[in-house]
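> this one's structure only:
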């Protein structure tokens, strides 16, 4: 795996492991879905030798990638959904953690972005 995708895959694996079993850790699992998508998109930018922007905003990263390849535009909905998980559920608030279905859906979106980027890099 090239250009940072190793780290993205580890975040996806972490999310899956944290969701598995009798005592899932939902808040941390959903955080790793955001991290997976962020690292995959930054991996693509590194592959294209583009400067990496210090941001956790997946929507912005998709926008930057879309300038290079307009097919990235199909990832906007996933990016819009995943971006808030960089900070949501990390601090005490009214909602301490997401439910299982929300985490499961976020894993699917992170996987979609990662697989899309992998295909772009592998050509």
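Okay, I see it. Because the structure is a prediction, the values reported are computed rather than measured.
> Flag every buried residue along stretch 23-42.
For stretch 23-42, the neighbour count (16 or more other CB atoms under 10 Å) marks 25-42 as buried. Bear in mind the C-beta positions are built from the backbone N, C-alpha and C, glycine included.
> Sorry, wrong one. I was asking about stretch 105-120.
Residues of stretch 105-120 classed as buried: 105-107, 109-114, 116-118, 120 (neighbour count, 16+ other CB under 10 Å).
> Residue 102 and residue 108, how far apart?
11 Å (CB to CB, to the nearest Å).
> Grab the nearest non-local neighbour of the residue nearest the centre of the chain.
With distances taken as CA atoms, centre = their mean, the residue of the chain nearest its centroid is residue 37 (2.0 Å). Setting aside the residues directly before and after it, residue 37 is nearest to residue 113 in space (CB to CB, 6 or more residues apart in numbering), at 4.4 Å.
> so how far is the strand or helix carrying residue 79 off the chain centroid?
In this structure, residue 79 sits in helix 76-82 according to DSSP states H and E. Remark: helix 76-82 is offset 9 Å from the chain centroid, using CA atoms, centre = their mean, to the nearest Å.
> and after that helix, which helix or strand comes next?
helix 100-122.
> if we can go back for a sec, closest one of the buried residues of stretch 105-120 to residue 49?
Nearest to residue 49 out of these is residue 120 (CB to CB; 14.1 Å).
> residue contacts, the closest residue in space to residue 56 that isn't next to it in sequence?
Nearest non-adjacent residue to residue 56, counting by CB to CB, 6+ apart: residue 86, 3.9 Å away. By CB atoms under 8 Å, 6 or more residues apart in numbering, residue 86 lies in contact with 31, 34, 35, 38, 56, 57.
> Distance to residue 19 added to the buried residues of stretch 105-120, as a markdown table?
Shown next, in a markdown table, are those (distance: CB to CB, whole Å):
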| residue | distance to residue 19 |
| --- | --- |
| 105 | 11 |
| 106 | 10 |
| 107 | 7 |
| 109 | 14 |
| 110 | 12 |
| 111 | 13 |
| 112 | 17 |
| 113 | 18 |
| 114 | 16 |
| 116 | 22 |
| 117 | 22 |
| 118 | 22 |
| 120 | 27 |
